[in-house]
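Undergrad: quick one: sequence and predicted model below, then my questions.
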Amino acid sequence: MTTLEITTQSITDMEVRAHDGHHASLRLWLRLLSCATRIEDTIRQRLREQFGITLPRFDLMAQLEREPEGLSMSELSRRMMVTGGNVTSIVDQLEKEALVKRQMLLTDRRSFTIKLTAEGRSVFTAMAKAHEAWIVELLSPLGASQQEDLHHLLGILKSRKHNPTQEKT
């Protein structure tokens, strides 16, 4: 491994911070973070290389694909957990490429609904199929039953997120 590869791995691999003296929960957290970061980095790179699109633009299109009637800018911002300015910038880019369109609300001429265009829907469908295949590939080191077990275990963690004082089962 070259020095650059080791440095890059250290930046993206949060788990290198952990050692045997750390609590098992901390080591697990860092491993989860490391895995998620590596998968996300791979997805970002593949979206850029194969479709010339960023992950935030893909994510915005995914939100719109689920809502054929469109979404307001504020709802997109809330769902994507980014500022309104970020959403505006992404929408502007996608609108220039005719992948989304803005429709002014009749009830409030200052507000817009954002929708995928027919072209946007077609482009997104192709990207979504590739995205799913990448995820299947990236998680393939785990067998189907291991994936189900991990999904179940992470579901337990997720359900306790909002109630950390809930008794252990």
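TA: Thanks, I have the structure now. The shown structure was predicted, so the numbers you read here are calculated from the model rather than taken from an experiment.
Undergrad: in the chain, which ranges drop under the pLDDT threshold?
TA: Across the chain, the stretches falling below the confidence threshold (pLDDT under 70) are 1-12, 14-16, 18-19, 22, 161-169.
Undergrad: which helix is the longest one in it?
TA: Residue-count comparison of every helix in the chain, with assignments taken from DSSP state H, identifies helix 24-51 as the longest.
Undergrad: now that helix, how far from the centre of its chain.
TA: The gap between where helix 24-51 is centred and where its chain is centred comes out at 10 Å by C-alpha atoms, centre = their mean, to the nearest Å.
Undergrad: next structured bit after that helix?
TA: Along the chain past helix 24-51, the next helix or strand (assigned with DSSP states H and E) turns out to be helix 55-65.
Undergrad: buried residues in the longest helix of the chain, which are they?
TA: For helix 24-51, the neighbour count (16 or more other C-beta atoms under 10 Å) marks 27, 30, 34, 38, 43, 46, 47, 51 as buried. C-betas here are computed from N, CA, C, even on glycine.
Undergrad: for the chain, what spans make up the strands?
TA: Per DSSP state E, the chain carries strands over the ranges 71-72, 100-104, 112-116.
Undergrad: for these, give me TSV that also has mean neighbour count.
TA: What follows is the strands of the chain, written out as TSV (neighbours: other C-beta atoms under 10 Å):
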stretch	mean neighbour count
strand 71-72	18
strand 100-104	16
strand 112-116	20
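Undergrad: distance to residue 154 for these - can I get that in JSON lines?
TA: As requested, these are exported to JSON lines (distance: least, C-beta to C-beta, whole Å):
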{"stretch": "strand 71-72", "distance to residue 154": "27"}
{"stretch": "strand 100-104", "distance to residue 154": "32"}
{"stretch": "strand 112-116", "distance to residue 154": "30"}
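Undergrad: which one of those lies closest to residue 152?
TA: Nearest to residue 152, of all these, is strand 71-72, at 31.4 Å by C-beta to C-beta.
Undergrad: picking that back up, can you redo the buried residues of helix 24-51 as TSV with distance to residue 98?
TA: As requested, the buried residues of helix 24-51 are arranged in TSV below (distance: C-beta to C-beta, whole Å):
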residue	distance to residue 98
27	48
30	43
34	39
38	34
43	24
46	23
47	19
51	15
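Undergrad: from those residues, which is closest to residue 135?
TA: residue 43 (7.8 Å).
Undergrad: wait, what's in contact with that closest one?
TA: Listed by C-beta atoms under 8 Å, 6 or more residues apart in numbering, the contact set of residue 43 reads 55, 131, 134, 135.
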